[in-house]
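Enquirer: have a look; sequence and predicted model below, questions after that.
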Amino acid sequence: MSAENGYGMDNPYRPERATVLNVQLEAGGGRPIKTLKVQIDDEKIRKDFHHKPGQFLIASCLGVGESVFAINSAPNSDGILEFSAMKVGNVTTRLHELAPGDSLGIRGPFGNSFPVEDWKGKNIVFIGAGIGVSPVRSVYDYVIAPENRKDYGDVTIIYGARTPADLVYKTEFKALEERDDLDVWLCIDWQFGPQGPIEASSAGGWPAINMGSPGDTEIPVGVNKFTCFVPQLVEVVKPSPENTIVVTCGPPIAIKFISIILSKLGFTDEQVYTTLENRMKCGIGKCGRCNIGHIYVCKQGPVFTNKEVKKMLPEF
């Protein structure tokens with residue numbers, strides 16, 4: 001499937017009609033997040049719709065507009081896909097109002113993908129911060145699927161959000177924690193006082209790490225949930241760089257410090273992959289909104305290695 005042509009349509013700007021199958025509230029509060037499961041209506045288009053881990057779609061609501069979202073479900077052949085939306089604007093507000101049976105427009109899939117075939121035989125560490133875990137989800141779902149799990153080595157998932165309520169995919173993570181073929185580590189942010197972060201548990205069952213020296217934190221037997229920031233949790237877990245690939249996504253500030261910690265642990269920039277959004281709009285490199293120098297994120301991305309990202313930094 002060509003990223004430039006979406007799913008083979010003659011007119012890549014024309015959305016395909018899709019139907020909402022399910023809506024799952026992932027997080028409430030002032031920044032609610034919902035996951036929508038949708039299916040392309042046209043059976044021929046549905047049959048040809050094959051996305052890869054890391055690609056994105058553009059969802060549209062009639063009379064409101066359209067926005068870019070990571071496809072966060074593993075590839076399938078039935079035209080069913082999922083994406084998560086945080087309610088922050090007009091389009092996402094309308095998406096949050098949709099219910100099963102409602103219609104919306106879908107364009108895509110667009111962009112490149114994570115080279116999961118090249119990673120066979122390697123250990124993989126997934127790191128997600130906040131809603132940034134969404135594009136990571138499609139990759140770990142693919143890797144740990146029964147038909148693929150044997151092709152990869154050790155799998156580690158590190159994920160954190162502001163509070164326990166802000167953690168998404170709660171039911172799924174509970175099931176992941178019970179599996180014996182991967183390790184799951186979770187965290188919630190520090191609480192803040194007048195002098196900054198308070199070195200104490202932010203919630204019951206989430207013990208604080210050693211704030212001054214995260215790497216010296218003593219991990220109690222059976223404990224995998226902590227109070228800290230995601231980059232600090234990476235330092236606590238200490239994943240080995242030997243024969244290992246890292247997939248990470250989150251706010252730019254989180255990615256910055258995650259990259260610093262990974263470098264300290266011995267990871268090279270070629271071992272670390274991330275995904276960028278950068279104001280993508282048209283999906284096919286025509287509008288110019290997502291360009292970073294000569295790079296169009298919607299076409300050459302959104303998946304890049306840290307080495308590639310660092311080359312683009314002067315243009316941000």
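Expert: Sure thing, it's come through.
Enquirer: can you tell me the helix or strand for the residue nearest to V64 when sequence neighbours are not counted?
Expert: In space, and not counting its chain neighbours, V64 is closest to R94: 4.7 Å by Cβ to Cβ, 6 or more residues apart in numbering. Heads up, the C-betas are built off the backbone N, CA and C, glycines and all. Assigned by DSSP states H and E, R94 falls within helix 90-97.
Enquirer: and the average pLDDT for the following helix or strand past that helix is what?
Expert: Downstream of helix 90-97, the next assigned helix or strand under DSSP H and E is strand 103-110. The pLDDT scores in strand 103-110 average 94.
Enquirer: swap in stretch 244-263?
Expert: On average, the pLDDT along stretch 244-263 is 94.
Enquirer: starting at the chain centroid, how far to that stretch?
Expert: 12 Å (Cα atoms, centre = their mean, to the nearest Å).
Enquirer: quick one: buried residues of that stretch?
Expert: Residues of stretch 244-263 classed as buried: 244-250, 254-255, 257-259, 261-262 (neighbour count, 16 or more other Cβ atoms under 10 Å).
Enquirer: for the stretch 151-300 of the chain, just list every one of the helices.
Expert: Using DSSP state H, counting those that start in this stretch, the helices found in the stretch 151-300 of the chain span residues 170-177, 230-237, 252-264, 297-300.
Enquirer: please parse this protein into its domains.
Expert: Domains of the chain are assigned by automatic domain parsing as 16-110, 123-275.
Enquirer: list just the nearest of the buried residues of stretch 244-263 to D41.
Expert: C249 (30.0 Å; Cβ to Cβ).
Enquirer: so that closest one bridges to which residues?
Expert: G128 (DSSP bridges).
Enquirer: quick one: it and Y273 touch, right?
Expert: No: applying Cβ atoms under 8 Å, one finds C249 not in contact with Y273, separated by 9.1 Å.
Enquirer: next, name the residue at the spatial heart of this structure.
Expert: Relative to the mean C-alpha position of the chain, the nearest C-alpha, by Cα atoms, centre = their mean, is the one of P135, at 2.5 Å.
Enquirer: quick one: find the helix or strand in this structure with the lowest mean pLDDT.
Expert: helix 43-48 (a mean of 84; mean pLDDT, DSSP states H and E).
Enquirer: could you list the low-confidence segments of the protein?
Expert: In the predicted model, the chain carries pLDDT under 70 at residues 1-10, 77, 278, 313-316.
Enquirer: what's in contact with the longest strand along it?
Expert: The single longest strand within the chain, with elements called by DSSP state E, is strand 16-27. Contact partners of strand 16-27, identified using Cβ atoms under 8 Å, 6 or more residues apart in numbering, comprise 7, 9, 32-42, 45, 80, 84, 98-107, 161, 165-170.
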